[in-house]
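> the sequence isn't on hand, but the structure is:
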């Protein structure tokens, strides 16, 4: 397969302060979420030698500000088609401002959107938002899956996203750091609840439920800056996967993500 006909991607930013993922095929360039300012997202795109003016579509997972902060600005400035389900549209419209009606598209959970040389698959998750859903992008038999805000990964979701070539998977917090940290008890309860976020251990368990023979790259995402550390998340996940005889850095590679720096533009 020629390089120009492969699925390319970069996790532009992932963390509690903002989330943006970029993917491209020969016919389409898309973003999943736009949780930073338009200026910051533009800067991150330039760091991977890409330009926002070439992006055609933006897929929104849910209405929390670290996922929608730049949605309205990008839609208006670059004419992007914006896709979200009905619950998310209703919850985020007052946050993102006016979007031209012809650029607003409904994309229900558990559906597949055919964009020509790219299929985008939506799947519902458990998170404290109006109607949260995440996405798996398919091209030429390759799949990249984004799952960064959920309290748990159900058997249904695991089956839907199993054996993808690459994952951006949530490792939000270390349980001990969260327990000892400054957050209020109610916020801690929300984070660890069924509609909260995956801990490092939860993320590792989710990976073990979905990793398949095709899986080659795993990105650890949505790391809390207050309740986690990059080295701790990486070590916890790597140790757990190795304990279950999974070939870390042999069959597949673990990558860290940052809230303010993109991963290199990679190819599946």
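Noted; the coordinates are in hand. Quick caveat: nothing in here was measured; it's all calculated off a predicted structure.

> in stretch 69-89, what counts as buried?
69-76, 78, 80-85, 87-89 (16 or more other Cβ atoms under 10 Å). All C-beta atoms are positioned from the backbone trio N, CA, C, and that covers glycine.

> brain fart, stretch 149-161
149-153, 157, 160-161.

> dump those into JSON lines; add pLDDT, secondary structure and distance to residue 61 as well.
Converted to JSON lines, these look like this (pLDDT from 0 to 100; DSSP: H, G, I helix; E, B strand; the rest coil; distance: Cβ to Cβ, whole Å):
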{"residue": "149", "pLDDT": "98", "secondary structure": "coil", "distance to residue 61": "7"}
{"residue": "150", "pLDDT": "98", "secondary structure": "coil", "distance to residue 61": "10"}
{"residue": "151", "pLDDT": "98", "secondary structure": "coil", "distance to residue 61": "14"}
{"residue": "152", "pLDDT": "97", "secondary structure": "coil", "distance to residue 61": "16"}
{"residue": "153", "pLDDT": "98", "secondary structure": "coil", "distance to residue 61": "15"}
{"residue": "157", "pLDDT": "98", "secondary structure": "helix", "distance to residue 61": "13"}
{"residue": "160", "pLDDT": "97", "secondary structure": "helix", "distance to residue 61": "15"}
{"residue": "161", "pLDDT": "98", "secondary structure": "helix", "distance to residue 61": "14"}
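
> tabulate those residues (CSV), appending distance to residue 39.
CSV is the format used below for the buried residues of stretch 149-161 (distance: Cβ to Cβ, whole Å):
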residue, distance to residue 39
149, 24
150, 29
151, 32
152, 35
153, 34
157, 34
160, 35
161, 32
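
> now, the buried residues of stretch 69-89 that are in strands?
Of the buried residues of stretch 69-89, the ones assigned to strands by DSSP state E are 81-84.

> closest one to residue 178 out of those residues, please.
residue 84 (29.4 Å; Cβ to Cβ).

> coming back round to it: of the buried residues of stretch 149-161, closest to residue 245?
residue 153 (20.5 Å).

> so who does that closest one touch?
125, 147, 198, 202, 205-206, 209-210 (Cβ atoms under 8 Å, 6 or more residues apart in numbering).

> where in this protein is pLDDT low?
Within the chain, the set of residues satisfying pLDDT under 70 comprises 1-3.

> just want the most central residue of it.
With distances taken as Cα atoms, centre = their mean, residue 146 lies nearest the centre of the chain, 3.7 Å away.

> much appreciated, bye for now.
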